[in-house]
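Participant: Fold the following, please.
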Amino acid sequence: MLSDIVIIAQYFWISEASARMKSVSSSFRSSIQLTMKLFFSIALVVTIAGFIQAQTPSPSPLPYSAQTLTDLVRLQEAALQSDYALRQTRYLTNNIGPRLSGSAQAARAVEYVAEEMRREGFEVRLQKLMVPVWVRGAESGEVVEFPGMAPGTTQKIVLTALGGSISTPASGLVGEVVVVEDYEELSRLGREKVAGKIVLFNKRFDRQLASSGFGLAAYGQAVQYRFGGAMAAAPLGAIGVLVRSAGGSQNRLAHTGSMGYADGVPKIPAAAVSSEDADLLEHLVSEGKTRVKIVLTSRTLPDAPSHNVIADLIGSERPDEVVVVGGHLDSWDLGTGALDDAAGIAVSMQVLELVKRLGLRPKRTIRFVAFMNEENGGAGGRAYFDEVKGKLETQFAAIESDLGASRPLGVLFAGKSEALRFIEPLSRILSRQGASMLQLQAGGVGADIGPLTQAGVPSLAPYFNQQTYFNYHHTAADTFDKVDRKELAELGSLVAVLAYGLANVEGPLPR
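Facilitator: Sure, this is the predicted structure:
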C-alpha cells in the first residue's frame, strides 16, 4: 500500500468556461475545447493528487538495484553542483534570444543544441517538421477619446498583439470600447451593444490564488479569454478585441500567447493590454464614451520547415526502450524565453551530459528531445508522436520540464496508480533536496509529451510552487536574470534522478 496519500480535488476553469459558452456557436465551443486539450493538459476539471511522503518499503521485487540507488545519489549531488544547465540557459537566451517558431533565432537554436549534443558525443538527429510563421511587427495603442481629456491629448496604453492575430488597417483601428468580464456578460449585451466596437475582456488574474502556490489555476481562469475572445466577439459585430493580460505582473507588462480563429467566423485583430491599462479603460468607460486606436502590423507567412533535436544516450541492456526527457526550444518573442522554456531545455541536455561525465551506464536509452513549436501550434510534439506511435512499446516513459525554473517541490505523474511504487524510491532520494512530493495527475503533465501520455506512456514533470512564474510568463520580463542558479540546479537534479532512475528500473512500468 502507498503511504500517506492525500486526495485533493481541484476544480479548474474548464467547468466554469464550459457553462459560460453554452450560448455561443458550436464551432466556437469545439475550438476552445480543442485548445484546452492541447495547451492545458495539466489544468483538468478535476486533478487527483496523491501527495506521498514515501516511508513504507516497496513490495518485492525491488524496483531498483542497490547500485542504481547509489548511482542516483551520485548523480543528484553532481547535478546540484553543476553549472552546465545555467550556461546553456544563458547562451540560449542572451546569445540567441527569442526563438519564435519559423524565426532565424529558432533555426539557430536548433543548430546550436545539435552542435552541443554532438560535441558531447551523443547520437544526434534532426526531425523535420513544418511550423507556422507569424511575425509580430510594430504595435501601439492609445486612448483617443475619454471623459475629461485635455484638448489635443491622448493616453498611451501598453498592449501586445496576440499570437496569430491579423493586422489592423495600416492607419490603425479606432473604435469605442465596451468592457465585459466574461462570455456570459458579452452574450447579455448582444449585437446591438457590441457591433462596431472594440471589446475588452477584463477577466482578472487571481493574484491571491497564485500567491498561495496555484498560479496555473489562476492562469487557467484568465487565459480562456485570450484564446477565445475574438471568436466570441466577432459574431456579434465587434471590430477588435482587447484582453486583460493573463498573468500576475504589476509592472505594466502585456502578456502574449496564442489566440484562435474559427471557420465561418470573421477574423478581427486581437491584443492583450497590461492589467494597469485594463483598469484604466474600465474606469474611463464607466464615466462615458471612450475610444481607442490600435495599430498592429502582425502578419502570417506560409508554414516553414523546422526541426526537433533528438539526441540519444544508448542503453547498455535495453537500447530499444526509451526514456524521453525534454522541453520546448521555441519561445515567444517579447522576452528571451528563459523560464519558458530555455531552462527546461538546458536541464534536459544536462541529464545526458552528467550521466556520461560520471561514467554511468543506463540500461535503457535516455533520449533528449528539444521540441519545436509548443507555443503556437504543437507541431514538434505531434511529429515525435507520429514517428513512434506504431511502436509505443519502445517508449518506456516521458519527462517534460515546462513550467519555469523555480525550486521544485516534487514530481507530477500521469499514468496508472500501480506505477507509483516505482517512483517512490526516487521520491525518497529527492527528499534530500526537499522535493519529495509525488502528485498523481489525471490527464497529463505537459503539452509536448501529451500525445504520448494519452497513448498510455507513463509521463512525469517537475512539480513547482507557482507563486511567481506567471509574473514573467509570455512577457518581455522572461529573461535570463530571472533564473536563480541554486533553484535551476535543484530542477536539474530532479530531472536527472527521474530520467536515470526510470532508465534503470527493474521490469516494466504498469501502463
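Participant: list the contacts for the residue most central in space within the chain?
Facilitator: Nearest to the geometric centre of the chain sits Asp402, at 5.5 Å (C-alpha atoms, centre = their mean). Residues near Asp402 by C-beta atoms under 8 Å, 6 or more residues apart in numbering: Gly327, His328, Asp340, Asp341, Gly344, Glu374, Gly446, Ala447, Asp448, Ala461. Quick note: C-beta positions are derived from backbone N, CA and C, even for glycine.
Participant: and with 6 Å instead?
Facilitator: Shown in contact with Asp402 (C-beta atoms under 6 Å, 6 or more residues apart in numbering): Gly327, Asp341, Gly344, Gly446.
Participant: Also Pro98?
Facilitator: Gln105, Ser331, Asp333, Thr336, Gly337.
Participant: Look at it and give its secondary structure.
Facilitator: coil (DSSP: H, G, I helix; E, B strand; the rest coil).
Participant: quick one: the helices in the stretch 51-200 of the chain?
Facilitator: For the stretch 51-200 of the chain, the helices defined by DSSP state H, counting those that start in this stretch cover 66-81, 84-90, 104-119, 183-194.
Participant: is it possible to export the ones you listed to TSV including distance to Gly152, mean neighbour count and mean pLDDT?
Facilitator: Shown next, in TSV, are those (distance: least, C-beta to C-beta, whole Å; neighbours: other C-beta atoms under 10 Å; pLDDT from 0 to 100):
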stretch	distance to Gly152	mean neighbour count	mean pLDDT
helix 66-81	61	17	98
helix 84-90	47	22	98
helix 104-119	41	18	98
helix 183-194	30	16	98
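Participant: what would those look like in a markdown table with distance to Pro510?
Facilitator: Listed next are the helices of the stretch 51-200 of the chain as a markdown table, based on distance: least, C-beta to C-beta, whole Å:
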| stretch | distance to Pro510 |
| --- | --- |
| helix 66-81 | 19 |
| helix 84-90 | 31 |
| helix 104-119 | 32 |
| helix 183-194 | 41 |
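Participant: what's the average pLDDT for the host helix or strand of Thr453?
Facilitator: Assigned by DSSP states H and E, Thr453 belongs to helix 450-454. Averaged across helix 450-454, pLDDT comes to 98.
Participant: Also stretch 254-265?
Facilitator: 98.
Participant: Distance across that stretch, terminal residue to terminal residue?
Facilitator: 26 Å (C-alpha to C-alpha, to the nearest Å).
Participant: Give me the pLDDT value at Val46.
Facilitator: Looking at Val46, the pLDDT reads 33.
Participant: where are the low-confidence patches of this structure?
Facilitator: Per-residue confidence for the chain (pLDDT under 70) gives these ranges: 1-61.
Participant: longest strand anywhere in it?
Facilitator: Longest among the strand segments of the chain by residue count, using DSSP state E, is strand 299-313.
Participant: Only the buried residues of that one, if you could.
Facilitator: For strand 299-313, burial by neighbour count (16 or more other C-beta atoms under 10 Å) applies to Ser306, His307, Asn308, Val309, Ile310, Ala311, Asp312, Leu313.
Participant: Could you do stretch 443-463 as well?
Facilitator: Neighbour-count burial for stretch 443-463 [16+ other C-beta under 10 Å]: 443-453, 457-463.
Participant: which residues sit against it?
Facilitator: Here stretch 443-463 makes contact (C-beta under 6 Å, 6+ apart) with 39, 41, 44, 328, 371, 374, 381, 385, 392, 395, 397-402, 408-415, 419, 437, 439, 491, 494, 498, 509, 511.
Participant: Which ones among these map onto strands?
Facilitator: 328, 371, 395, 397-400, 408-414, 437, 439.
Participant: Quick check: the two most widely separated of those?
Facilitator: The distance between the two most remote of these (C-beta to C-beta) is 26.7 Å, for Gln395 and Leu409.
Participant: neighbour-wise, which of those two wins?
Facilitator: Per other C-beta atoms under 10 Å, whichever of Gln395 and Leu409 has more neighbours is Gln395, with 24 against 20.
Participant: Run the angle between the longest strand of the chain and helix 104-119 for me.
Facilitator: Interaxial angle, strand 299-313 versus helix 104-119 (axes from the mean of the first three to the mean of the last three C-alpha atoms, to 10 degrees): 10 degrees.
Participant: What are the contacting residues of strand 299-313?
Facilitator: 102, 110, 113-114, 117, 122-128, 130-135, 352, 365-372, 380.
Participant: For the buried ones among the residues you listed, write the corresponding PyMOL selection.
Facilitator: In PyMOL, a selection of the buried entries from these looks like this (16+ other C-beta under 10 Å):
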select buried, resi 102+110+113+114+117+122+124+126+127+130+131+132+133+134+352+365+366+367+368+369+370+371+372+380
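Participant: Which parts of this structure belong to which domain?
Facilitator: 41-131+303-503, 137-297 (automatic domain parsing).
Participant: Tell me which of the ones you listed sits most buried.
Facilitator: domain 41-131+303-503 (a mean of 21; mean count of other C-beta atoms under 10 Å).
Participant: Give the residue farthest from the middle of the chain.
Facilitator: What lies farthest from the middle of the chain is Pro151; by C-alpha atoms, centre = their mean that is 44.9 Å.
Participant: Return the distance of that one relative to Leu284.
Facilitator: Pro151 sits 17 Å away from Leu284, going by C-beta to C-beta, to the nearest Å.
Participant: before we move on, what about Tyr84?
Facilitator: Distance check for Tyr84 against Leu284: by C-beta to C-beta, it reads 51 Å.
Participant: Let's see which of the contacts of Pro98 end up in helices.
Facilitator: Using DSSP state H, the members of the contacts of Pro98 that fall within helices are Gln105.
Participant: Kindly reformat the contacts of Pro98 as JSON lines and extend each row with distance to Phe470.
Facilitator: Compiled in JSON lines, the contacts of Pro98 are given as follows (distance: C-beta to C-beta, whole Å):
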{"residue": "Gln105", "distance to Phe470": "24"}
{"residue": "Ser331", "distance to Phe470": "16"}
{"residue": "Asp333", "distance to Phe470": "18"}
{"residue": "Thr336", "distance to Phe470": "17"}
{"residue": "Gly337", "distance to Phe470": "15"}
